[in-house]
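>>> Using only what follows, build the 3D model:
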Amino acid sequence: MAWIYLLIAGLFEVGWAISIKYSQGFTRLGPSVATIALMILSFGFLSRALRTLPLGTAYTIWTGIGAIGTVFLGIILFQEPIEVRRLTCIGLIVIGVIGLRLVSPH
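Here you go, the predicted structure:
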């Protein structure tokens, strides 16, 4: 169950990262409230995952999910550049996240 909690935490992290962009520096109420709510949910699910998973593994995977999801949504929602070098770096993060999951004892 801890891995599912971690995945959910990572997805909420993507959500708050995107909503913070829409909040325009916390000057728009709706996106600002959404950002805070998504942060609380993300940290809540991360803390549940940390009851079982090693801190270093869980935190790295959580931030990896957030980074990967945020980059792809940035491309889709904000027309951020799609470059081979950029996607290669994201691919390395994907490999690292998968690697940590495979070698985790839990």
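
>>> And P105, how far from V14?
As judged by Cβ to Cβ, to the nearest Å, P105 and V14 stand 27 Å apart. The C-beta positions use only the backbone N, C-alpha and C, and glycine is treated the same way.

>>> ok, now P31?
Distance, P31 to V14, by Cβ to Cβ: 14 Å.

>>> Not counting its neighbours along the chain, what's nearest L53?
A2 (5.0 Å; Cβ to Cβ, 6 or more residues apart in numbering).

>>> now the helix or strand containing C89: mean pLDDT?
Assigned by DSSP states H and E, C89 belongs to helix 84-103. On average, the pLDDT along helix 84-103 is 93.

>>> contact partners of that helix?
Identification of contacts with helix 84-103 by Cβ atoms under 8 Å, 6 or more residues apart in numbering yields 3, 57, 60-61, 64-65, 67-68, 71-72.

>>> for stretch 64-81, same thing?
With Cβ under 8 Å, 6+ apart as the test, stretch 64-81 has contacts from 6-7, 9-11, 13-14, 17-18, 21, 82, 86, 90, 93-94, 96-97, 100.

>>> And for M39, the neighbour number?
17 (other Cβ atoms under 10 Å).

>>> Would you confirm that it contacts W16?
Yes - M39 sits in contact with W16 when judged by Cβ atoms under 8 Å, with a separation of 4.8 Å.

>>> separation between L102 and I95?
Taking Cβ to Cβ, one finds L102 at 10 Å from I95.

>>> my bad, L53
19 Å.
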